[in-house]
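A.B. asks: Got a predicted model here, sequence first, then my questions.
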Amino acid sequence: MSIEVKNLLKEYGEQKAVKNISSTVNKGEIVGFLGPNGAGKSTTMKIITGYLQQTGGEAFVCGISVAEQPLETKKKIGYLPELNALYYDMYVREYLGFVAELHQVANPKEKIENIIQLTGLTVESKKKIGQLSKGYKQRVGLAAALIHDPEVLILDEPTSGLDPNQITEIREVIRKQGIDKTVLFSSHILQEVEAICDRVIIINKGQIVADDKLSNLRTKNAGQQIVKVEFKEPVETEAIQKLECVQSLHTTQQSLFTIYCTDAELLKRQLLQLAIDKSLNIVSLQTENQSLEEVFKALTRT
């Protein structure tokens, strides 16, 4: 595994920002790391990258303890922080050369040109960083994170400030990096996470409340699943509300129902039995996946 945290704890006085969380991310995974503001997301990322010291627990990068060997772990990490700190008076190539020198990159000129092309900086590469738009500054930060070909990429809001076309381009860059690297990707744009990630970790109030494949989270969330049923005939709402695992339902007409329940398979069997008992005809009956936004809201609303 490329990233591992064990019982990670971070305290600020009496406040616990991160509460004994544990998780792993393996090579070749692009994992979305989500949470509302103040949930402990950025704090966790800063601990993994060695920019912040934990109060308790352990963090490892490629099997190396971040606390015991911070310089070694930094060599293996490409980090784009939420607040992308850049030297505005430096030219793009000059800055990337500076970062490449810090990392002792072999063949720096060739590497810089490749990274500039990869991140779509070619047309702006002769400018000072301070002259760039926010979106292009973000690209410079991503280029700096990639310049030393790290094994692990930690990206905190990498598409911040980008227009829709730029987001699509950077999304493709991140997806390609995920083929042979470990990528921990944080964003408030949930559509981006759905487009890039197969697995999602959700943190709320310093605790991990979900860690699963995106497909699983969409079908199961906090004990709630969704079933849609359409009858040929009108059906009384009360008849469906009485079914065992129904939590709530929504209907726009008397024959079409969206039902929130605790067990979709059980509910579908009960609906079939209801149709038999009342001589009803079912037109369609299916389990519906929830959007990541719905999952996120359900798990972080308290």
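C.D. replies: Received, thanks. Residues are numbered from 1 along each chain as shown.

A.B. asks: switch to C-alpha atoms for all contacts and neighbour counts from now on
C.D. replies: Fine.

A.B. asks: Quick check: which ranges of the stretch 101-250 of the chain have low pLDDT?
C.D. replies: For the stretch 101-250 of the chain, the stretches with pLDDT under 70 are 219-223.

A.B. asks: Now with 80, please.
C.D. replies: Along the stretch 101-250 of the chain, the parts satisfying pLDDT under 80 run over 161, 215, 218-224.

A.B. asks: For it, which segments are assigned as strands?
C.D. replies: For the stretch 101-250 of the chain, applying DSSP state E, counting those that start in this stretch gives strands covering 152-156, 182-186, 199-204, 207-213, 225-231, 246-253.

A.B. asks: Could you check the angle the fifth one makes with strand 246-253?
C.D. replies: Angular relation of strand 225-231 and strand 246-253 on a 0 to 180 degree scale: 40 degrees, by axes from the mean of the first three to the mean of the last three C-alpha atoms, to 10 degrees.

A.B. asks: List the neighbouring strands of strand 225-231 plus their orientation.
C.D. replies: If you go by DSSP bridges, strand 225-231 pairs up with strand 256-261 (antiparallel), strand 282-288 (antiparallel).

A.B. asks: do the same with the fourth one
C.D. replies: Looking at strand 207-213 with DSSP bridges, its partner strands are strand 199-204 (antiparallel).

A.B. asks: From the structure, what's the count of residues near the closest residue to residue 217 other than its chain neighbours?
C.D. replies: Using C-alpha to C-alpha, 6 or more residues apart in numbering and skipping residues adjacent in sequence, the residue nearest residue 217 is residue 295, 7.0 Å away. Applying other C-alpha atoms under 10 Å, we find 21 residues neighbouring residue 295.

A.B. asks: who's in contact with the closest residue to residue 48 other than its chain neighbours?
C.D. replies: Excluding its sequence neighbours, the residue lying closest to residue 48 (C-alpha to C-alpha, 6+ apart) is residue 59, at 6.0 Å. Contact partners of residue 59, counting by C-alpha atoms under 8 Å, 6 or more residues apart in numbering, are 3, 4, 5, 6, 8, 47, 48, 65, 66, 67.

A.B. asks: Tell me the pLDDT of the last one.
C.D. replies: This means residue 67. Per-residue confidence (pLDDT) for residue 67: 94.

A.B. asks: I'd assumed it was in a strand, is it?
C.D. replies: No: checked against DSSP: H, G, I helix; E, B strand; the rest coil, residue 67 lies outside a strand; its state is coil.

A.B. asks: What is the burial count for it?
C.D. replies: Residue 67: 18 neighbours (other C-alpha under 10 Å).

A.B. asks: End to end on stretch 4-22, go ahead and measure it.
C.D. replies: Taking C-alpha to C-alpha, to the nearest Å, the first and last residues of stretch 4-22 lie 7 Å apart.

A.B. asks: which residues are contacting that stretch?
C.D. replies: By C-alpha under 8 Å, 6+ apart, the list of residues contacting stretch 4-22 from outside reads 23-25, 38-40, 43-44, 48, 54-61, 63, 205-208.
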